[in-house]
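In: return atomic coordinates for the entry below.
(one chain, ligands or ions: 1)
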Amino acid sequence: MTLVDSPAITTGGPALAQERRLVTAIPGPRSRELMARKAAAVAAGVGTTIPISVVAAGGGVIVDADGNSLIDLGSGIAVTGVGNANPRVVEAVTAQLNAFTHTCFTVAPYDSYVAVAEKLNQLTPGDHVKRSALFNSGAEAVENAVKIARHFTKKQAVVAFDHAYHGRTNLTMGLTAKNIPYKSGFGPFASEVYRAPLSYPFRDGGLDGREAAARAITHIEKQVGAENLAAIIIEPIQGEGGFIVPAAGFLPALAEWCRANDVVFIADEVQTGFGRTGAWFASEHDGIVPDLVVTAKGIAGGLPLSAVTGRSEMMDSAMAGGLGGTYGGNPLACVAALAAIESYEEDGLIERAREIGAVLLGRLNALRTADARIGDVRGRGAMVAIELVDPATGAPDAALTSAVAKHAHANGVLVLTCGTYGNVIRFLPPLTISDELLIDGLGVVAEGLKSA
Ligand SMILES: Cc1ncc(COP(=O)(O)O)c(C=O)c1O
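Out: Model (predicted):
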């Protein structure tokens with residue numbers, strides 16, 4: 001029986017792999033129609049190249065309208081850490097739907113919002129007194145974190161880093177580094193945003209973390225001056241910018257400088273938070289305690305929710321009613337978050353992220369020894385990437401990257417690319433994926449590299 005006959009979600013190694021190859025070789029009518037539409041969209045410069053119309057997902061597999069199944073190595077861009085349609089989340093949201101769907105927390109409050117805030121206060125790094133405010137998207141939470149930092153410090157400037165990604169709203173576009181497709185033609189951007197050099201070990205010519213931090217701080221002092229600077233915002237491991245893990249010592253040195261200069265240190269943990277890197281938050285790997293932590297994505301099992309959590313004196317400094325919006329901390333998203341957090345805690349998912357990381361790093365490093373086009377393998381936990389280069393020059397190879405991703409998609413494996421130079425393939429599987437599926441998916445990527 002192939003998955004054409006059975007769209008039920010199955011997990012498991014070789015048998016599924018066999019079925020997947022069979023069905024993906026013969027796209028059904030619905031997928032053919034979609035492929036044609038997507039091809040037109042891609043030709044017009046919009047849309048993705050993945051020719052499927054999803055009808056179900058779970059257990060590390062996405063099933064399309066023809067019964068084709070894809071191994072999910074992207075988690076909807078690091079969102080479905082607890083797996084798609086996680087039973088705890090489904091049950092909680094269903095019960096909430098039957099109770100009430102919306103009141104607006106500031107008009108008529110409800111317990112689940114408070115419970116999520118308390119959980120965030122407890123789980124984020126540091127044992128100081130904290131407060132949390134809830135929003136809908138990562139970008140919205142980043143904007144609010146900057147507003148809080150400005151209100152608290154009475155300063156205006158914000159520093160973001162090379163290769164950073166913080167969203168696509170007006171202020172966050174300015175914080176985001178990459179021009180195309182995120183910024184070009186969408187200006188003017190918000191003022192008082194500056195950029196500093198990052199620690200990017202693969203392309204840094206051997207700078208260690210402290211040296212890279214000294215370079216960034218000198219740059220900031222020259223360009224802005226601490227007396228004008230409200231906040232620096234940084235992803236502890238960069239996501240869209242290419243899964244760049246800064247060298248040890250970089251983040252602690254920046255955090256120290258911020259403390260000494262009354263500058264708010266904002267960690268954007270939108271992509272790295274909620275167990276993704278094998279710890280609740282990636283800041284923990286570097287032993288830093290950010291003043292404000294921004295979270296979203298993995299927080300609520302696929303429902304839109306985001307948060308800013310931070311020092312109570314900073315959070316309380318903003319005027320009541322000055323943050324948030326109508327839907328922030330919607331009751332459906334809040335109960336989903338409580339259920340997702342229960343799943344991370346009780347289903348051992350953070351430990352599982354570390355195991356997934358061992359498989360990813362082991363297999364990808366082995367591939368790298370045999371293939372000089374893999375310039376770098378990096379990441380933590382279930383957030384790992386390969387950077388593809390021209391072996392002769394070390395120059396980024398975006399064409400190879402896109403060919404490998406296309407091969408993977410055509411052969412039933414959903415992987416994402418990223419990076420300023422478009423030459424990074426990133427692996428962000430759901431933390432519920434089996435080793436068999438993961439290894440099978442990596443095998444297809446390896447085939448793609450061989451055939452490219
Ligand atoms: C680090 C980081 N910050 C902010 C965002 C923006 O989040 P959203 O797309 O939910 O607005 C993203 C999204 O990818 C992200 O990775």
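In: using CSV, write down the CA coordinates of whichever strand or helix holds residue 77.
Out: Using DSSP states H and E, residue 77 falls within helix 75-78. Provided in CSV are the C-alpha atoms of helix 75-78 (Å, rounded to 0.1, in the frame of the first residue of the first chain):
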residue,chain,number,x,y,z
SER,A,75,8.6,22.8,11.7
GLY,A,76,6.9,25.7,9.9
ILE,A,77,10.1,27.7,10.5
ALA,A,78,10.8,26.5,14.1
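In: now do it: distance to the chain's middle.
Out: In terms of C-alpha atoms, centre = their mean, to the nearest Å, the centre of helix 75-78 is set 7 Å apart from its chain centre.
In: again, but for stretch 73-84
Out: 9 Å.
In: contact partners for the closest residue to the ligand within the stretch 51-200 of the chain?
Out: The stretch 51-200 of the chain approaches the ligand most closely through residue 138 (2.2 Å), counting by C-beta to the nearest ligand atom. Where you see a C-beta, it was placed from the backbone N, CA and C, and this is true even at glycine. Each residue near residue 138 by C-beta atoms under 8 Å, 6 or more residues apart in numbering is listed here: 166-167, 268, 270, 294, 296-297, 306.
In: excluding its backbone neighbours, what's nearest the spatially most central residue of the chain?
Out: The chain has residue 271 as the residue nearest its centroid, 2.5 Å off, counting by C-alpha atoms, centre = their mean. In this structure, residue 271 finds its nearest non-sequential neighbour in residue 239, 3.5 Å apart by C-beta to C-beta, 6 or more residues apart in numbering.
In: is the one you found in contact with residue 270, as I believe?
Out: Yes - in this structure, residue 239 is within contact of residue 270 by C-beta atoms under 8 Å, at 7.5 Å.
In: coming back round to it: so the residue nearest to the centre of the chain sits in a strand?
Out: No - looking at residue 271 with DSSP: H, G, I helix; E, B strand; the rest coil, it is coil, so not inside a strand.
In: against residue 387, how distant is it?
Out: 17 Å (C-beta to C-beta, to the nearest Å).
In: could you do residue 275 as well?
Out: 24 Å.
In: ok, these two, which is more surrounded?
Out: residue 275 (28 against 25; other C-beta atoms under 10 Å).
In: what bits of the protein have low per-residue confidence?
Out: Scanning the chain for pLDDT under 70 picks out the ranges 1-51.
In: can you list the domains in it?
Out: 29-85+349-451, 89-347 (the TED database).
In: start to end distance for the longest one?
Out: Right, the one you point to is domain 89-347. Distance between the boundary residues of domain 89-347 (C-alpha to C-alpha, to the nearest Å) amounts to 13 Å.
In: how many neighbours does residue 382 have?
Out: 30.
In: tell me the contacts of it?
Out: 81, 276-278, 352-353, 356-357, 360, 427-429, 431 are the contacts of residue 382 under C-beta under 8 Å, 6+ apart.
In: now, which of these lie within strands?
Out: residue 427 (DSSP state E).
In: and the buried ones among the contacts of residue 382, selectable in ChimeraX?
Out: In ChimeraX syntax, the buried subset of those is picked out as below (16 or more other C-beta atoms under 10 Å):
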select :81,276,277,278,352,353,356,357,360,427,428,429,431
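In: now tabulate the contacts of residue 382 in JSON lines and tack on distance to the ligand.
Out: Formatted as JSON lines, these follow (distance: C-beta to the nearest ligand atom, whole Å):
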{"residue": "81", "distance to the ligand": "13"}
{"residue": "276", "distance to the ligand": "11"}
{"residue": "277", "distance to the ligand": "12"}
{"residue": "278", "distance to the ligand": "17"}
{"residue": "352", "distance to the ligand": "21"}
{"residue": "353", "distance to the ligand": "17"}
{"residue": "356", "distance to the ligand": "19"}
{"residue": "357", "distance to the ligand": "18"}
{"residue": "360", "distance to the ligand": "19"}
{"residue": "427", "distance to the ligand": "15"}
{"residue": "428", "distance to the ligand": "10"}
{"residue": "429", "distance to the ligand": "17"}
{"residue": "431", "distance to the ligand": "17"}
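In: and the strands in the stretch 151-300 of the chain?
Out: 157-161, 193-196, 229-234, 264-268, 292-295 (DSSP state E, counting those that start in this stretch).
In: quick one: list the elements packing against the last one.
Out: Using 3 or more C-beta pairs under 8 Å, 6 or more residues apart in numbering; DSSP states H and E as the contact criterion, the elements in contact with strand 292-295 are helix 138-153, strand 264-268, strand 306-311.
In: closest one to residue 288 among these?
Out: strand 264-268 (7.4 Å; C-beta to C-beta).
In: the closest one pairs with which strands?
Out: strand 229-234 (parallel), strand 292-295 (parallel) (DSSP bridges).
In: please see if it touches the ligand.
Out: Yes - contact of strand 264-268 with the ligand (C-beta under 6 Å from any ligand atom) involves residue 268.
In: now that strand and strand 306-311, what's the angle there?
Out: 150 degrees (axes from the mean of the first three to the mean of the last three C-alpha atoms, to 10 degrees).
In: which outside residues touch strand 264-268?
Out: Contacts of strand 264-268 (C-beta under 8 Å, 6+ apart): 138, 142, 145-146, 148-149, 152-153, 166, 230-236, 254-255, 258-259, 281-283, 288, 290-294, 314.
In: of the residues you listed, grab the buried ones for ChimeraX.
Out: Here is the ChimeraX selection string for the buried members of the contacts of strand 264-268, based on 16+ other C-beta under 10 Å:
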select :138,142,145,146,148,149,152,153,166,230,231,232,233,234,235,236,254,255,258,281,282,283,288,290,291,292,293,294,314
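In: fine, thanks again, bye for now.
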